[in-house]
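Q: here you go, sequence then predicted model.
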Amino acid sequence: MTQHSDWFAPGTRCAVLTAEPIGRPLDYLAPDEGCFLGAFVEVPLGPRKALGVVWGAGDGQFDSAKLRRITRVLEAEPMREELRHFLLRMADYTMTPLPQILRLATRAPGLADPPGMRKVYRLGATLPTRMTDPRERVIAVLRDHGGAGFQLGELAALAGVTTQVVKGLAKAGAVIESDVPRDAPFVRLDPSRPGKHLSPAQDAAATTLRDKAGAFGTVLLKGVTGSGKTEVYLEAVAECLRQGRQALVMLPEIALSAEFLSRVQARFGALPGEWHSGVTQTERRRLWKACGTGEAQMVVGARSSLFLPFRDLGLIVVDEEHDTSYKQEEGVLYNARDMAVLRGSLCGAQVVLASATPSLETWANADSGKYDRVDLAARFGAAELPAMGAIDMRDEQIQSNQWIGSTLMREITARIARGEQSMLFLNRRGYAPVTICRACGHQIGCDHCDARMVEHRFQNRLVCHQCGEEKPILQTCPSCKVEGKLAPVGPGVERLAEEVAQRFPDARLAVLSSDLFASARALKAAIATIADGEADIIIGTQIVAKGHNFPKLTLVGVVDADLGLQGSDLRAAERTFQLLRQVAGRAGRAETKGIALLQSYQPEHPVLRAILAGDEEEFWRAEAAQRKSQAVPPYGRMAGIILSGPDLKPLFDIGETLARQSRPLQQIGAMIFGPAPAPIARVRGRHRVRMLIKAEKAAPLQKALAVWVAQVKLPSNVRLAIDIDPQSFF
């Protein structure tokens, strides 16, 4: 265990922060063996035991004679000052109680459990007196592997014998049975292995990243789809590893990790650690501890991997940095992209934000010179960017129950004849977004939310996409009790798949939607099958836009390009632009040039015109000018206030009280909007009322908000959540 100077002698007072909702560290007495600052400990809390971190010296306000003693110090590397500082800064910025933030950094099961052991078998010093062919095979395997230890079943399988043969050799002393820690060490990554051949543009970009390694700085790596951004930032990873530091690569989607892990293994000769919801609990604990010791050199993970206890983090890559999945919308409300920059600044790590279509916040920071910028303007090798075109649906021949126009039909037919793949994109899960009664007009809604239930015909269920509530597809209207009049309205990917199956009966069809796969493994397998050419037509939601490479895909058809332009979200244009550009980029990533066609009833819309023109910088400049004129992010500050509770009236009463007592916000020049019902006014049985605060860029918003909300005392059944820099307004 590492020695530390911030030592608490046995019986001295120290403060311990737990993840329990207490709000502050509590004083305890150091255990008989003493403890150190940052140590992970187990402490008594009421009748229970809780995991905590030694946070500092005790405050001395409680009688030391009545203090309880820390139960034990855990077998884990201490939390370093850098991570403690990061959690404190994040708590202040997001206005979240510190224990909730600590919970993000201790999400590994069994941290308080003693190290597990497993039996392994190695070659002994003597040979058995009686030798048989099975025994010779076991000894040969052990000799060939240079003294490596194997588990019983693993060794028996390699030698092609039963486990009894191995046990017999152990009794004879020819094989040594020993106990070793259950968590196997991570195989070392080798940064000296040669990477893929880089184009001159890629090599220049990689050189820039390597030159900036070893110190904090943020770089926007902007490259068109297929330009090789991954290979470029893997060179930054290699430089980080050569310097003996650790690297973190965050991905927005688990399904992306399979192909990426293969590329890492090919580059460095071993697999990195993985951290996401698809990883087993055992592997999570193993990686968490290995990050603390420095054994895990590289981690590939979801947004929560940012809270791992790295020993010496030198590089953070946020791939597809614009992706909305980096924003946590429940519990602790934070944006992992922004928090990555914060953590990088505290641990001296280089931060690389990679995207073909960066968020306006990142684009603006690069435009102002706050971030460096590296561009890859062309695809790698022979691949060319796809041609772009709009299909004016006002001129198409199409029936009322169809969504694929005649132009797109002809293009798909031509691709099938040439043995190429087509993709149809529609960002709506399920069969139909609304089910309406043609007798009385009633729309089937969720019993617990103010949201319509979505028909999922493949699963024969109605599903609420807000709370997950499910019910069987109904035959009788629950309002007027008339049978046979319920009808689906509008298309989802399942309904689109039904149309494709009818109009292309001989085509092989694949549907990619997150709700159709029981596990991340099943989704990865489906993507691999498509990449191997086992589908003629692919239908998908936004999951298909996230970094997949389908070599035979030459046509992308966006079924409803107008969908994302609806509503009043200030980021609607930006997100539509990003999504459609990303989807279009799936086409023609091999040697055959691709085409992307956008079906629209308003092809003259500025966003669609910008996509078709291919002038991305002009789009960002126009979008930036509009945001700047309105003083909204990234040129102003916003905070969302969400009041929720079982009854609506108390929420409005509290909101109106806050609106009247607005002096703390007025003092910083902030504006208050609301209270008003949230667009989805009830979720999981709780009513929701929103307020929006808008302030200038330099305003001390968090301090003013803290004073403002402290003026009201909330009933026990009412929750008030503050969302700094809100990304959605539902």
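A: Good, I have the coordinates.
Q: tell me who's in contact with residue 420.
A: By CB atoms under 8 Å, 6 or more residues apart in numbering, the contact set of residue 420 is 552, 553, 554, 555, 592. The way it works is simple: take the backbone N, C-alpha and C, and place the C-beta from them, glycine included.
Q: repeat that for residue 500.
A: The contact partners of residue 500, by CB under 8 Å, 6+ apart, come to 404, 424, 507, 509, 537, 539.
Q: just to revisit the earlier point, out of the contacts of residue 420, which is nearest to residue 619?
A: In terms of CB to CB, no member of the contacts of residue 420 lies closer to residue 619 than residue 555, at 23.9 Å.
Q: what's the pLDDT at the closest one?
A: pLDDT for residue 555: 92.
Q: leaving out sequence neighbours, find the closest residue to it.
A: Among residues not flanking residue 555 along the chain, residue 422 sits closest, at 4.3 Å (CB to CB, 6 or more residues apart in numbering).
Q: quick one, strands of the stretch 101-250 of the chain?
A: Applying DSSP state E, counting those that start in this stretch to the stretch 101-250 of the chain gives strands spanning 117-123, 175-181, 217-223, 246-250.
Q: looking at those strands, which is buried most?
A: Per residue and on average, the most neighbours among these fall to strand 246-250, with a mean of 27 (mean count of other CB atoms under 10 Å).
Q: could you point out which element follows that one?
A: helix 257-268 (DSSP states H and E).
Q: quick one: residue 674 is in a helix?
A: No - remark: residue 674 does not belong to a helix; assigned using DSSP: H, G, I helix; E, B strand; the rest coil, it is strand.
Q: pull the number of nearby residues for it.
A: 19 (other CB atoms under 10 Å).
Q: mind checking what secondary structure the residue lying closest to it once chain neighbours are set aside has?
A: Leaving aside its chain neighbours, residue 674 sits nearest to residue 691 (3.7 Å; criterion: CB to CB, 6+ apart). The local conformation at residue 691, judged by three-state DSSP, is strand.
Q: is residue 691 in a bridge, and if so with what?
A: For residue 691, the beta-bridge partners are residue 641 (DSSP bridges).
Q: just the one 4 residues further on next, same as before
A: The partner list for residue 695 in beta bridges (DSSP bridges) reads residue 637.
Q: any idea how far residue 330 is from residue 653?
A: 25 Å (CB to CB, to the nearest Å).
Q: neighbour count: the two, which is higher?
A: Ranked by neighbour count (other CB under 10 Å), residue 330 and residue 653 place residue 653 first, with 16 against 6.
Q: can you confirm that one is in a helix?
A: Yes - per three-state DSSP, residue 653 lies within a helix segment.
Q: where do the helices sit along the stretch 151-300 of the chain?
A: Assigned by DSSP state H, counting those that start in this stretch, the stretch 151-300 of the chain shows helices spanning 152-159, 163-171, 200-211, 229-242, 257-268, 281-293.
Q: related to what we said a few turns ago, OK, contacts around the residue nearest to residue 674?
A: 640, 641, 643, 655, 658, 659, 672, 673, 674, 675, 676.
Q: any idea of the pLDDT on it?
A: At residue 691, the pLDDT value in this model is 95.
Q: so how far is residue 643 from it?
A: Residue 691 is 8 Å from residue 643, by CB to CB.
Q: domain map for the chain?
A: The chain breaks down into these domains under automatic domain parsing: 7-105, 117-181, 200-376, 387-428+491-624, 637-724.
Q: can you map out the helices along the stretch 401-550 of the chain?
A: For the stretch 401-550 of the chain, the helices defined by DSSP H, counting those that start in this stretch cover 406-417, 493-503, 520-531.
Q: and those helices, which is most packed in?
A: Stretch with highest mean neighbour count among those: helix 493-503 (a mean of 19; mean count of other CB under 10 Å).
Q: in a helix, residue 344, correct?
A: Yes - judged by three-state DSSP, residue 344 forms part of a helix.
Q: not counting its own residues, what contacts the helix or strand of the chain with the lowest mean pLDDT?
A: Ranked by mean pLDDT, DSSP states H and E, the weakest helix or strand in the chain is helix 520-531, scoring a mean of 80. Applying CB under 8 Å, 6+ apart, the external contacts of helix 520-531 come out as 254-255, 257-259, 276-278, 421, 510, 512, 514, 517, 535, 538, 543, 548-551.
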